[in-house]
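[1] predicted structure and sequence below. I'll ask about it afterward.
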Amino acid sequence: MSKAINRNFLKFLIVIIAFQDVAAGVAGSIMADIIAAFPDYNPTIVMLVATFPGLIQIVPALFYGKLINVFKKRTLLFIGLTLFMIGGIMPFFVDSLPLIIAFRGLLGLGVGITMPLSVDIISDFFEGKERDFLIGFGTSTIACIGAIFFQLGGGILADMFGWQYGFLTYLFPIWILALTFLFLPEPERRKTPKELGLQKVKIPKLIFGVSFGQILFSALIFGYVTNISVVISGENLGTATQAGMAISVFTFGTLLAGFVFGRIKQLVPVSYIPLAVFLTGLGMMICFLSHSLTMIFVGSIIGGAGMGIGLPGVFARVSEATPKNSGTSYVGFVVAAQGIGGVVGPFLFQIIMDIFNQDIGRFPLLISTVGLFGLAIVWFIFVKVSKPTDPSGSSVSTEITEGDDLPVLTK
């Protein structure tokens with residue numbers, strides 16, 4: 001049966017896919033309770049409940065370009081969301097730590113599919129300013145709203161009924177699955193170079209460069225996330241609650257920046273990514289130098305805003321750099337790079353701290369500051385010497401004009 005879908009409703013359906021992109025944070029908010037529930041295990045092993053999804057999401061993300069040539073995107077979305085919900089909810093029903101970690105890996109597989117898909121579908125239906133706005137709004141604003149919801153919801157349920165109840169928050173995305181399954185149209189399939197009678201298109205070097213930069217960017221954020229509360233609590237700058245609020249302020253800055261990403265990209269069409277990295281580094285520097293809670297919050301919101309520009313910026317850059325006749329998508333590389341950065345970060349910081357004989361607290365913030373400023377300079381040089389890409393984008397297979405209704409393909 002064929003239906004029609006309004007343009008604005010299509011935008012809504014696409015951006016809500018990003019709601020669960022960083023939902024693995026539920027485990028982080030109840031980690032102390034989980035560690036207490038498994039006293040026979042080393043806390044480092046127990047913490048895999050929080051970190052394992054980020055590691056596993058790398059696998060499907062790396063092969064996302066292959067997956068979309070095998071499966072329809074609606075089918076992939078259904079698979080990704082289903083894996084996400086099953087992997088998220090099942091720890092509620094089991095008492096075995098290895099099984100809980102395994103199910104968290106299943107959740108990671110789901111995120112590794114839905115995260116690049118949420119960006120790729122935007123590029124299928126929209127271009128130019130609309131595409132930039134939706135990428136920023138989805139990957140920064142909606143993803144942050146989802147992160148806040150899952151962290152707070154999981155924490156509240158855990159406090160009220162017990163730590164396992166926190167995992168019931170993963171039932172919430174069932175409405176996203178239902179709405180997108182019923183109403184989201186299947187994008188027009190991109191023809192491969194072979195089908196077009198063309199030579200196989202090589203992956204542009206720029207995509208590898210941007211993805212590598214994203215690994216470093218994600219790794220350098222680690223210094224803030226794991227140390228800002230240590231600085232606030234350890235130096236008596238605020239209470240434990242206020243220490244926790246710092247990361248919420250950082251997330252809020254990311255959320256706000258998502259609204260204006262499209263506008264910023266218009267104002268600085270070439271240098272928006274190095275600008276984002278610089279702002280994040282500036283935020284880290286303010287936090288490092290500050291000895292008052294107020295200024296740490298100022299640094300946090302500036303750093304968060306930088307990240308809110310940087311993440312959609314990398315997705316948009318990779319989408320633009322993808323040749324129109326490539327027949328595939330490389331946004332999965334960005335998701336994989338983000339996951340790799342999260343894995344590499346702790347080891348990178350530990351090596352540097354060992355070299356300088358330093359401990360946790362302010363020094364990791366200094367590492368983040370220096371690293372991000374250096375990365376901003378290198379990235380600025382990189383974008384200046386790179387060949388320009390088609391500003392209209394390269395992954396658009398369906399153009400929509402204002403007021404159009406879109407046909408949904410027969411199911």
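    In hand now; what should we look at? Nothing here was measured: the structure is a model prediction, and the numbers come from that model.

[2] which secondary element of the protein has the worst mean pLDDT?
    strand 405-408 (a mean of 42; mean pLDDT, DSSP states H and E).

[3] where do the strands sit along the stretch 201-350 of the chain?
    Remark: no strands are assigned in the stretch 201-350 of the chain by DSSP state E, counting those that start in this stretch.

[4] where are the low-confidence patches of it?
    When residues are selected by pLDDT under 70, none of them lie in the stretch 201-350 of the chain.

[5] mind listing what's buried in stretch 377-388?
    Of the residues in stretch 377-388, Trp379, Phe380, Phe382, Val383, Ser386 count as buried by neighbour count, 16 or more other C-beta atoms under 10 Å. Backbone N, C-alpha and C define where each C-beta goes, glycine included.

[6] what do you get for stretch 223-236?
    Buried residues in stretch 223-236 (16+ other C-beta under 10 Å): Gly223, Tyr224, Val225, Asn227, Ile228, Ser229, Val230, Val231, Ile232.

[7] Val314 is in contact with Gly213, correct?
    Yes - using C-beta atoms under 8 Å, Gly213 makes contact with Val314 at a distance of 7.5 Å.

[8] overlap in contacts, these two.
    Ile273 (C-beta atoms under 8 Å, 6 or more residues apart in numbering).

[9] quick one on the thing from earlier: widest-spaced pair of the buried residues of stretch 223-236?
    Gly223 and Ile232 (14.6 Å; C-beta to C-beta).

[10] tell me where the stretch 51-200 of the chain has helices.
    Counting by DSSP state H, counting those that start in this stretch, the segments of the stretch 51-200 of the chain that form helices are 58-62, 64-70, 73-89, 97-125, 128-136, 143-161, 174-183.

[11] contacts for the third one?
    When contacts are defined by C-beta under 8 Å, 6+ apart, helix 73-89 is touched by residues 17, 20, 23, 26, 53, 67-68, 71, 103-114, 117, 120-121, 124, 167-171, 173-174, 176-177, 180-181, 184, 186-187.

[12] closest one of the buried residues of stretch 377-388 to Pro60?
    Trp379 (26.9 Å).

[13] on that earlier part again, what's the most buried one of the helices of the stretch 51-200 of the chain?
    Most buried of the helices of the stretch 51-200 of the chain, by mean neighbour count (mean count of other C-beta atoms under 10 Å): helix 97-125, with a mean of 25.

[14] report the angle between that one and helix 174-183.
    40 degrees (axes from the mean of the first three to the mean of the last three C-alpha atoms, to 10 degrees).

[15] helix 97-125 - contacts with which helices or strands?
    Counting contacts by 3 or more C-beta pairs under 8 Å, 6 or more residues apart in numbering; DSSP states H and E, helix 97-125 packs against helix 7-15, helix 48-56, helix 58-62, helix 64-70, helix 73-89, helix 128-136, helix 293-321, helix 331-355.

[16] what's the closest of these to Gly253?
    When the helices and strands packed on helix 97-125 are compared (using C-beta to C-beta), the closest one is helix 293-321, at 2.6 Å.

[17] which elements pack onto that closest one?
    Other elements packing on helix 293-321 under the criterion 3+ C-beta pairs under 8 Å, 6+ apart are helix 97-125, helix 128-136, helix 205-225, helix 228-234, helix 240-267, helix 272-289, helix 331-355.

[18] what do you get if the cut-off is 6 Å, keeping everything else the same?
    Secondary-structure packing of helix 293-321 (3 or more C-beta pairs under 6 Å, 6 or more residues apart in numbering; DSSP states H and E): helix 128-136, helix 205-225, helix 240-267, helix 272-289, helix 331-355.
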